[in-house]
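Turn this into a structure:
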Amino acid sequence: MSDVIATFTDQNFEAEALGSQIPVLLDFWAEWCQPCLAMVPDLESVANQFAGRLKVGKVNVEENEHVPFNYNVTAMPTLILLKGGQVVEQRVGKLSREALTKLVEPHL
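Next comes the predicted model:
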């Protein structure tokens, strides 16, 4: 995984994502999901672009059952934007860098 994208797990989710002082873009993914893998460069680009103002993290749905279940994630990739621990945006499917930027910018 990249150093600009956090890895969220069932164990660290509350502290790292819900407790974040800045908005958090969650990417729910799986190793077998080709669109998920294809989106990584765009996620890294957005993470770099908004460094310090946005936290970007991935949740592997194969390794974590509680967080995906709590957010009713049934398809990959699912992107959820949290602000103050609350869901403010949610999208399913691969998004381009431009679409990711448009998704997060109003909440920064």
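
List the beta-bridge partners for the residue most central in space within the chain.
Nearest to the mean C-alpha position of the chain, by Cα atoms, centre = their mean, lies Leu26 at 1.6 Å. On the basis of DSSP bridges, Leu26 is bridged to Gly57, Ile80.

The chain should start at 25 in everything you say after this.
All set: I'll call the first residue 25, so the last point we hit is now Leu50.

does it really touch Glu40, like I thought?
No. Contact criterion Cβ atoms under 8 Å: Leu50 and Glu40 do not qualify, at 10.5 Å. All C-beta spots, glycine's among them, are computed from the backbone N, C-alpha and C.

For Glu40, give me its contacts.
Neighbouring residues of Glu40 by Cβ atoms under 8 Å, 6 or more residues apart in numbering: Ala30, Phe32, Lys79, Gly81.

Actually, Leu106.
The contact partners of Leu106, by Cβ under 8 Å, 6+ apart, come to Ala41, Leu42, Ser44, Pro47, Val48, Leu49, Leu50, Val112.

Near the fifth one, how many other residues are there?
For Val48, the neighbour count with other Cβ atoms under 10 Å is 24.

where exactly do the strands run in the chain?
For the chain, the strands defined by DSSP state E cover 30-32, 48-53, 79-84, 102-107, 110-116.

Cys60 contacts Ala99, correct?
No. Counting by Cβ under 8 Å, Cys60 stays clear of Ala99, with 10.5 Å between them.

Those two - which one has more neighbours?
Cys60 (21 against 11).

pLDDT at that one, what is it?
Note for Cys60: predicted pLDDT of 97.

ok, now how distant is it from Asp51?
Distance of Cys60 to Asp51, computed by Cβ to Cβ, to the nearest Å: 7 Å.

anything in contact with each of the two?
Both Cys60 and Asp51 are in contact with Pro101, where contact means Cβ under 8 Å, 6+ apart.

re earlier: quick one: contacts for the residue nearest to the centre of the chain?
Contacts of Leu50 (Cβ under 8 Å, 6+ apart): Phe32, Ala41, Gly81, Lys82, Val83, Tyr95, Leu103, Ile104, Leu105, Leu106.
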